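K.L.:
Would you be able to build a 3D model of this:
(chains A, B, C and D)
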There are 4 protein chains.
Amino acid sequence: CLSFFADDRKPDTMERLLRRFRIRSQLARECVAEFLGLYIAVFGSGAAAQVITSEGTHGSYLTIQLGSALGAIFGMLVAQGVSGAHLNPVYSMSLCVLGRHPWTKLPLYSLSQLIGAFLGAGTVYLQYYDAIQAFTGGQLLVAGPNATAGIFSSYPAEHLSFWGGLVDQVVAAALFLLCCMALEDKRNGPLPDGLQPIVVGVLILTMGVSMGSNCGFPLNPARDLGPRLFTFIAGWGPEVFKAGGGWWWVPLVAPFVGGLLGTLTYELLIEAHHPNTSNEEQSPRRQQEVVELEEMDNPLHNGLKTLNTI
Amino acid sequence: CLSFFADDRKPDTMERLLRRFRIRSQLARECVAEFLGLYIAVFGSGAAAQVITSEGTHGSYLTIQLGSALGAIFGMLVAQGVSGAHLNPVYSMSLCVLGRHPWTKLPLYSLSQLIGAFLGAGTVYLQYYDAIQAFTGGQLLVAGPNATAGIFSSYPAEHLSFWGGLVDQVVAAALFLLCCMALEDKRNGPLPDGLQPIVVGVLILTMGVSMGSNCGFPLNPARDLGPRLFTFIAGWGPEVFKAGGGWWWVPLVAPFVGGLLGTLTYELLIEAHHPNTSNEEQSPRRQQEVVELEEMDNPLHNGLKTLNTI
Amino acid sequence: CLSFFADDRKPDTMERLLRRFRIRSQLARECVAEFLGLYIAVFGSGAAAQVITSEGTHGSYLTIQLGSALGAIFGMLVAQGVSGAHLNPVYSMSLCVLGRHPWTKLPLYSLSQLIGAFLGAGTVYLQYYDAIQAFTGGQLLVAGPNATAGIFSSYPAEHLSFWGGLVDQVVAAALFLLCCMALEDKRNGPLPDGLQPIVVGVLILTMGVSMGSNCGFPLNPARDLGPRLFTFIAGWGPEVFKAGGGWWWVPLVAPFVGGLLGTLTYELLIEAHHPNTSNEEQSPRRQQEVVELEEMDNPLHNGLKTLNTI
Amino acid sequence: CLSFFADDRKPDTMERLLRRFRIRSQLARECVAEFLGLYIAVFGSGAAAQVITSEGTHGSYLTIQLGSALGAIFGMLVAQGVSGAHLNPVYSMSLCVLGRHPWTKLPLYSLSQLIGAFLGAGTVYLQYYDAIQAFTGGQLLVAGPNATAGIFSSYPAEHLSFWGGLVDQVVAAALFLLCCMALEDKRNGPLPDGLQPIVVGVLILTMGVSMGSNCGFPLNPARDLGPRLFTFIAGWGPEVFKAGGGWWWVPLVAPFVGGLLGTLTYELLIEAHHPNTSNEEQSPRRQQEVVELEEMDNPLHNGLKTLNTI
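P.N.:
All right, here's what the predicted structure looks like:
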């Protein structure tokens, strides 16, 4: 438990050197973490890049979903200790609505996330430049058999109507945020500390395998818009905004609606009803804690009894 | 360990607002949790929906099983702290039989689960409405190459006889409950707190990959009947009850038989024989705990010895 | 930590009833646990059964490996608290060689495991009876396109020579036991309590995906012979022993040789060199523990100092 | 927590015998652990061996990636308690640069890793000797449809230019080390002790599914050169160095550049800015620890107060 004390060590030359660059502003640190976190998470797009450019020999639908889910896990692990690893404006907004995060931070978080996603997409493109050139013959297309824009942002499937897409995004985002709130809620489930990022990653995988075929479950405005802006600049051109009948704004707006819906649903159906912090009727984990405390006290109280009888 | 104390915070405006809606009845809270838990779990059906409607391009048999297993994990994580996340009438019944859950709650739990599964199926249908329309051309069929009823409830494979189906369900449910009882049994394995839902999800995946081809291992009467009722209403019609020679009642009855069998098997072969809570012949974890206590006591006793020599 | 105390509860009628059947012999309890554990683990064979009988529509090579690996996890979770969940005569032997398990228990453990595997295979056959009949047209064959014996026991691939099979089994068993010893070795890695079964399952999956194509990595004499005896009786006949040039005894003997090799390799290369339990040069976890103790003691020693100055 | 005390036991005959061979030099022990760790990790190559030699019937691209990732996990679990399980010269170098590992150990660690990888490749070849012979007809080729050298070391895809390969390796290694540093950083995320090897394995899987199609993400000079030397000797001949326009040195050099880049990025963007170890503005985990300590102290201080009032 006290691992922190165990690995405290005198900073040596290198570390002293690095400390020179130390940013003291907590907000600045958080924005950097949000930036880096989403930058890392976006590397998951590589999974789609390699399946598409290898025409299916280097992966499958499952590996694409694993890429996004696992990529997100490491984005969260990189940012969690500093900013709490929101990595999604919808998640930040939900915390603001519940008064657990200051509204003033929302735009800065979102901007940092957007920049992270933009540069992440750029790095993935850099890494797959040869493969994309070889596959497309240099033609960067948004639709058709040789389309590659789908590597970076979401586009609706042919069968999907406008309303269908809206519903899909609202439902998916509601489910996502509802589950995130449950993972956040210490009084609901005693998830071991530090496993949240991994479980959220599993949640993303769950949604990928069960909600991916309509429009690739964007769910994350920053994660969707950043790479879209990159593809716009990098050569796919205005088509990235025109495609799917101007689809681009749906994954920007719908997830906020869905996220709010899911957050409030969880709060109203579960969290609002938690008993006050009294010992009766509480979650198993809490009971243990109480027991632990009592166990810790017992020997002492005995000890003191003995003493008082001196 | 004492994380609860760490994240206790004053409820702000929003939280105070939400507390207004607070339900004080423990039973009502539990039913809401069972409802929401299974509602969430049923989203896993989306995996089947997208594999079927995409004709295999958006997933595989494995992603379908991942969908059910991982969906169930999040259903459990949402409900666990309130109702213990039974999410299955067979599981509730087993606990009642062992006297660990009041029989009076059984019907209410089951009804909440049924409603959750019904509405969950409805939401999945809503989300995949366009895809199902495009795939079926509007014809909602229970059998044949374009059948879509299998997305929501179980139907027997062609090779499966009536008795074969009965045996399959009894065996699968017995195995499932036997393992659940083992995970419940603190004196058997020291599974880290909060991992139960994840391990139960892995158990569901295990059964999906090894017992799914006869009739899709329903195992859960509420999870099977709720969506079946939905498909009955939503346009698949009476065929959902006629199909497979009136198969529908098998996954309603057989799992109870199997579940009881599995529960008693575990109790009679393992749990009944646990030593009484004495220090000798106990599980490694328990020995540690004892050691911990002793470790805690030692310094004190020494302390007191010193004192008594004053 | 002290969760055990938290869930101690008065046994009610049902539990009192069950206690009637209580076995007090520790050895008998262990044998029952080993029996039940391997019985559960063998259900993983269902994965192969459904891939073979569905001709690949209900799974893939990966789901077959997931079946064995995850099945084994639950076998271990069921038995771990009672017998330590050996579930493999080779593992029991290795512990005996290291003097961590009495040789006298080895035959009884192995026999219980054998019976568990035999009955497990029987149950899988029962569950897949219809499917196997439909697939084979009633002809239970050991070789050829419609062979089904491979569901239950291992047979060598065509390319595999006798010596190749021997080497494969020795190498695989050596690797397996070497890793098991590492997981056992508390002074090497601080694996969270209760995760061992899951990590061993992951190890089995690792071997399945990287060592499965020569002869299906039996590695476990009880797990291989039990089901082979069942298929011999159930209708596959003497061919199960003749096939592969009398292959059957290789997975019975080679794993013992390999297991011993792996165990001693680990002991000689790693465990033998662990420092004595002094505070310097020890694994990070242990340092923490010491820190924890010191943290615990400090206040006390201060306390006593205070006292001694009275 | 104090599990260590629980499994301390008197060494019996066998263990006393093994202690005879005890190496007291900490450095020697670490080199042996690095050797054995990478030797184990390389067994993951078997996944590629069986997919290639079975022409895809015994696995898929995903199982190949699972092989490398899971193999690495067990390599780390075997070595972690002794040497910290670097298993990669790039990782060792990064720690040296940060002053967390002595430069003097770098060459010895790297050499041990190289030898481990060389012998690991040899063992995999031994295990798949028959399969490779049957598949290649005895011709060990580096390129073409029957190529088998790719089982052991990395070769660039046809579409990959020299600069593309360099970029791919620098980017991949940067991402890999950046994430490793985050996992190392106790002040960032409270990952449960002992899960690091598993999470690093998941990281390797992430990179496999999202960065594998350019040149198979070698990332590890020892892991790539060792097996390449083995194939050079074992019959693939000088072609292993000539192939891909003399590709062999890229995975030797580029990962060091990328690794340094990633390490410094993490240090400059995240770790350098961690607050000093004061109680305000720290990661949730640390707050808990403080709470725990206080909880532990309270009763005592009370105790002492009582005493001082004697």
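
K.L.:
switch to C-alpha atoms for all contacts and neighbour counts from now on
P.N.:
Noted.

K.L.:
Report the rounded mean pLDDT for the helix or strand where A:Thr265 lies.
P.N.:
Secondary structure from DSSP states H and E places A:Thr265 in helix A:250-269. Averaging pLDDT along helix A:250-269 yields 96.

K.L.:
In contact with the residue of the stretch 151-300 of chain A found nearest chain D: list those residues for me.
P.N.:
Nearest residue of the stretch 151-300 of chain A to chain D (Cα to the nearest Cα) works out as A:Gly194 at 4.6 Å. A:Gly194 is in contact with D:Gly189, D:Pro190, D:Leu191, D:Pro192, counting by Cα atoms under 8 Å, 6 or more residues apart in numbering or on different chains.

K.L.:
repeat for A:Glu34
P.N.:
Contacts of A:Glu34 by Cα under 8 Å, 6+ apart are A:Ala79, A:Ser83, A:Ala85, A:His86, A:Leu87, A:Tyr109, A:Ser112, A:Gln113, A:Gly116.

K.L.:
Widest-spaced pair of those?
P.N.:
Farthest pair in the contacts of A:Glu34 (Cα to Cα) is A:Ser83 and A:Gly116. Separation: 14.2 Å.

K.L.:
out of those two, which sits in the busier spot?
P.N.:
Just comparing A:Ser83 and A:Gly116: by other Cα atoms under 10 Å in any protein chain shown the higher neighbour count belongs to A:Gly116, 28 against 23.

K.L.:
And the host helix or strand of the more buried one, what does it pack against?
P.N.:
Secondary structure assigned from DSSP H and E places A:Gly116 in helix A:105-127. Contact here means 3 or more Cα pairs under 8 Å, 6 or more residues apart in numbering or on different chains; DSSP states H and E; on that basis helix A:105-127 packs against helix A:26-41, helix A:45-53, helix A:89-97, helix A:221-231, helix D:162-184.

K.L.:
let's go with 10 Å and repeat that
P.N.:
helix A:26-41, helix A:45-53, helix A:89-97, helix A:129-136, helix A:221-231, helix D:162-184, helix D:196-211 (3 or more Cα pairs under 10 Å, 6 or more residues apart in numbering or on different chains; DSSP states H and E).

K.L.:
and the angle from that helix to helix D:196-211?
P.N.:
If you take axes from the mean of the first three to the mean of the last three Cα atoms, to 10 degrees, helix A:105-127 sits at 60 degrees to helix D:196-211.

K.L.:
How far off centre is helix A:105-127?
P.N.:
13 Å (Cα atoms, centre = their mean, to the nearest Å).

K.L.:
Low-confidence ranges, the stretch 201-310 of chain A, go.
P.N.:
A:277-310 (pLDDT under 70).

K.L.:
redo that, cut-off 80
P.N.:
A:276-310 (pLDDT under 80).

K.L.:
one step back: put the buried members of the contacts of A:Gly194 into a PyMOL selection.
P.N.:
This is how PyMOL selects the buried members of these, with burial counted by 16 or more other Cα atoms under 10 Å in any protein chain shown:
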select buried, chain D and resi 189+190+191
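
K.L.:
how about the contacts of A:Gly194, which pair is most distant?
P.N.:
The most distant members of the contacts of A:Gly194, if one measures by Cα to Cα, are D:Gly189 and D:Pro192, lying 9.2 Å apart.

K.L.:
Can you tell me the SS state at the residue of the stretch 51-200 of chain A found nearest chain B?
P.N.:
As assessed by Cα to the nearest Cα, chain B sits closest to A:Asn188 within the stretch 51-200 of chain A, at 4.0 Å. Following DSSP: H, G, I helix; E, B strand; the rest coil, A:Asn188 is assigned to coil.

K.L.:
in terms of contact, does it touch A:Ile270 like I think?
P.N.:
Yes - A:Asn188 lies in contact with A:Ile270 (Cα atoms under 10 Å); the separation is 8.4 Å.

K.L.:
Mutual contacts of those two, please.
P.N.:
The contact sets of A:Asn188 and A:Ile270 overlap at A:Met181, A:Ala182, B:Val78, B:Ala79, B:Gly81, B:Val82 (Cα atoms under 10 Å, 6 or more residues apart in numbering or on different chains).

K.L.:
what's near enough to touch the fourth one?
P.N.:
Read it as B:Ala79. Contacts of B:Ala79 by Cα under 10 Å, 6+ apart are A:182, A:188-189, A:270, B:29-38, B:40, B:85-87.

K.L.:
repeat that with 8 Å
P.N.:
Shown in contact with B:Ala79 (Cα under 8 Å, 6+ apart): A:Asn188, B:Ala33, B:Glu34, B:Leu36, B:Gly37, B:Ala85.

K.L.:
re earlier: quick one: which of the helices and strands packed on helix A:105-127 is nearest D:Gly122?
P.N.:
helix D:196-211 (22.7 Å).

K.L.:
do that closest one and chain A meet?
P.N.:
Yes - shown here: helix D:196-211 in contact with chain A (Cα under 8 Å from any Cα of the partner chain) through D:Val202, D:Leu203, D:Thr206, D:Val209, D:Ser210, D:Met211.
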